[in-house]
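In: how does the following fold in three dimensions:
(chains A and B, ligands or ions: 1)
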Amino acid sequence: MSADVAVLGAGMHPWGKWGRSFVEYGRVAARAALADAGLDWTDVQSVVGADTVRSGYPGYVAGATFARALGWQGARVTSVYAACASGAQAIGAARAQILAGLADVVLVVGADAAPKGFFAPAGGERPDDPDWLRFRVLGATNPAYFALYARRRMAVYGDTPEDFALVKVKNAAAGLLNPNARYRKAVTAEEVAASAVVADPLRLLDVCATSDGGAALVLCSMDFARAHGVADPVRIRAVSTVTPTYPRTVLDLPDIATDATTAVPTAGPAAAASFRASIARAAYEEAGLGPRDLSLAEVYDLSTALELEWYEDIGLCGPGEGASLVREGATALGGRVPVNTSGGLASFGEAVPAQAIAQVCELTWQLRGTAGERQVPGARAGITANQGLFGHGSAVIAVR
Amino acid sequence: MARTRTPVVSGWFTQDVPPPAPMAGPAPPFRLLGTRCTACAAVFFPREDSACRNPHCAGGGDLAEVPLSPRGRVWSYTDGRYRPPAPYVSDPAEPWEPYVLIAVELEAEGMVVLGQGAPGVRLADLTVGAEVEVVGGVLNEDAETTWLTWQFRPVGPAGRAGSTGSAERSGGGS
Ligand SMILES: [Zn+2]
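Out: Below is the predicted model:
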């Protein structure tokens, strides 16, 4: 397929709380991806950095920051910021350059050194910033939004806190097998139930931590991959970065309100589809495949309950059927369609600009068949999904 | 002490009036304020004063201030068991008292608005789909200012006793 780009290399800096600069995490991940690709840094024609806005100016120009850390060599450089979708936008920018013939080989890097505790907005009095306002006026933290979604699922679909805990148990079991994960320890449903409530009904072990970490990919044209001796590389077939459509009717972080439906006389099926579902739909349309073709998925489990929502949004099941999938074990390792084989954010924690790239690293290793003990046998296609603050879509489909 | 009563954000809800004198009669009803596009009927909250954001709007309309539905139904709700970070204002010397957050689907607009529960509203008072009303309340107080905000509370039997007036005049924040 002419729209494919090849994944030649994937690499990470292990997630954790290491107390070092994000630049170091990105450099280590980049070196790992280059070694995996069998390329020298000086072979790279373009570098795309996913920005780390909390880390000050070098983080705002992450592309150049990583290029400097690796040694200036005159490559084309790009920096992108889209909150949690930053990594997907970085992959999207790299892919566009390759498909446009602007570069044959592109290095994509994201890394973060996250603060402890709740994510907070940038400082100062900024009453025209919705992210600042939701804290000032409401004290609405990220877990508060996740809890609203979780409570809504309980009321509408009958999900229970025990269902949510099963997601944590499943993801911890996978993360246990991943050397790059921060938490490598089995978790029981009892341990989830015994952890402190953060925002009712979600407990500490239902919401993901903040972490340090880095991830990188070396992407190239199919011609370059073949010339490099890789005849059958993992291929990226779709990158979805779509915005929501008006009116957006599900309350999304960090907004205080959704759009009104007063200007829409009849809510058609398109209007009814959630933003999250539209992200996956755009990716499927671009890739020319659907949920039934998936061998695995990596989705943003910012909370355990949110993972169940993603099952429905990426089409693994119908609305309200997410909990039954996790109860049946369909999304566990060894199940029909394993989700978050990496261990997910439950095992990694959030390193915002790195995470969407890390998801594609996991797809790459799974599709190559090199994922070790967490390998999905015969994996042929996978999707990643998340969304970025203020309406950035993020989904990537990779195939072998 | 005489603090100025000031909305935490200007223009998002009806201006608070000074606490009524004992014989002054009922205070005017508290309402959230949005804007409405006169060309396409799109309603915005928080208010949009620059341009209509409906991509299908024919344009040429004005954005007129409009009071929003005083009532709606609970879309979801939660609380915050840990102290939120700044700029949320709370006294670190005081133990953290969780409050309730309620997402409410407004009756006429079909939009979901997030707000704090009024003082005394507990998780156990709420169910998804239950009717709630918007009331004025106090977000926090500092030396000079009582910062005002909007809050939601259940309507009917689950509503707080003694809070049948149109605006909360007491409690919260200090
Ligand atoms: Zn309009």
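In: pLDDT weak spots in chain A?
Out: Low-confidence segments of chain A (pLDDT under 70): A:1-2, A:265-272.
In: now the strands for chain A?
Out: Per DSSP state E, chain A carries strands over the ranges A:5-16, A:46-50, A:76-80, A:105-113, A:197-199, A:202-203, A:212-220, A:234-240, A:296-299, A:381-388, A:392-399.
In: now render these as a markdown table, adding distance to chain B and mean neighbour count.
Out: C-beta coordinates here come from the backbone N, C-alpha and C atoms, glycine included. Converted to a markdown table, those look like this (distance: least, CB to the nearest CB, whole Å; neighbours: other CB atoms under 10 Å in any protein chain shown):
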| stretch | distance to chain B | mean neighbour count |
| --- | --- | --- |
| strand A:5-16 | 22 | 25 |
| strand A:46-50 | 24 | 30 |
| strand A:76-80 | 24 | 20 |
| strand A:105-113 | 17 | 31 |
| strand A:197-199 | 5 | 23 |
| strand A:202-203 | 8 | 26 |
| strand A:212-220 | 19 | 31 |
| strand A:234-240 | 19 | 24 |
| strand A:296-299 | 21 | 28 |
| strand A:381-388 | 17 | 27 |
| strand A:392-399 | 16 | 27 |
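In: and of the ones you listed, who's closest to A:L253?
Out: Counting by CB to CB, A:L253 lies closest to strand A:381-388 out of the strands of chain A; the figure is 8.9 Å.
In: what inclination does that closest one have with respect to strand A:392-399?
Out: 170 degrees (axes from the mean of the first three to the mean of the last three CA atoms, to 10 degrees).
In: the ion is nearest to which of the strands of chain A?
Out: strand A:392-399 (24.3 Å; CB to the ion).
In: on that earlier part again, output the strands of chain A as a markdown table; include the columns distance to B:D79.
Out: Converted to a markdown table, the strands of chain A look like this (distance: least, CB to CB, whole Å):
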| stretch | distance to B:D79 |
| --- | --- |
| strand A:5-16 | 29 |
| strand A:46-50 | 34 |
| strand A:76-80 | 36 |
| strand A:105-113 | 29 |
| strand A:197-199 | 6 |
| strand A:202-203 | 11 |
| strand A:212-220 | 30 |
| strand A:234-240 | 34 |
| strand A:296-299 | 26 |
| strand A:381-388 | 24 |
| strand A:392-399 | 29 |
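In: using JSON lines, lay out those strands together with distance to the ion.
Out: Formatted as JSON lines, those follow (distance: least, CB to the ion, whole Å):
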{"stretch": "strand A:5-16", "distance to the ion": "40"}
{"stretch": "strand A:46-50", "distance to the ion": "35"}
{"stretch": "strand A:76-80", "distance to the ion": "31"}
{"stretch": "strand A:105-113", "distance to the ion": "38"}
{"stretch": "strand A:197-199", "distance to the ion": "35"}
{"stretch": "strand A:202-203", "distance to the ion": "37"}
{"stretch": "strand A:212-220", "distance to the ion": "41"}
{"stretch": "strand A:234-240", "distance to the ion": "28"}
{"stretch": "strand A:296-299", "distance to the ion": "35"}
{"stretch": "strand A:381-388", "distance to the ion": "26"}
{"stretch": "strand A:392-399", "distance to the ion": "24"}
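In: and A:I98, which of those strands is closest to it?
Out: Judging those by CB to CB, what sits closest to A:I98 is strand A:5-16, at 4.9 Å.
In: using CSV, write out every CA atom in the closest one.
Out: Listed next in CSV are the C-alpha coordinates belonging to strand A:5-16 (Å, rounded to 0.1, in the frame of the first residue of the first chain):
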residue,chain,number,x,y,z
VAL,A,5,5.4,4.0,6.3
ALA,A,6,7.7,1.5,7.9
VAL,A,7,8.7,1.3,11.6
LEU,A,8,12.4,0.6,11.5
GLY,A,9,13.1,1.1,15.1
ALA,A,10,11.4,1.4,18.5
GLY,A,11,13.0,2.3,21.9
MET,A,12,12.1,3.5,25.3
HIS,A,13,13.7,4.8,28.5
PRO,A,14,12.1,2.8,31.3
TRP,A,15,9.2,4.6,33.1
GLY,A,16,9.6,5.5,36.7
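In: any idea how chain A splits into domains?
Out: As given by the TED database, the domain ranges for chain A are A:5-116+A:213-235, A:130-207+A:237-399.
In: in contact with the closest residue to A:R151 other than its chain neighbours, which residues?
Out: Leaving aside its chain neighbours, A:R151 sits nearest to B:S76 (4.6 Å; criterion: CB to CB, 6 or more residues apart in numbering or on different chains). B:S76 makes contacts with A:L148, A:Y149, A:R151, A:R152, A:A155, B:I102, B:A103, B:V128, as judged by CB atoms under 8 Å, 6 or more residues apart in numbering or on different chains.
In: measure B:S76 to A:A150 for me?
Out: Noted for B:S76: a distance of 8 Å to A:A150, by CB to CB, to the nearest Å.
In: next: A:P14.
Out: 29 Å.
In: list the contacts of whichever residue of the stretch 51-200 of chain A sits closest to the ion.
Out: Closest approach between the stretch 51-200 of chain A and the ion, counting by CB to the ion: A:P130, at 20.4 Å. A:P130 sits next to A:P254, A:D255, A:I256, A:F390, B:P46 when contact means CB under 8 Å, 6+ apart.
In: check A:R374 too.
Out: Here A:R374 is in contact with A:A174, A:L177, A:N178, A:L333, A:T341, A:S342 (CB under 8 Å, 6+ apart).
In: next, the last one: phi, psi?
Out: Taking degrees, to the nearest 10, you get phi -70, psi -20 for the backbone angles of A:S342.
In: what's the pLDDT at the spatially closest residue to B:R122 that is not a sequence neighbour?
Out: Leaving out its chain neighbours, the residue that sits closest to B:R122 by CB to CB, 6+ apart is B:V100, at 6.7 Å. Reported pLDDT at B:V100 in the predicted model: 98.
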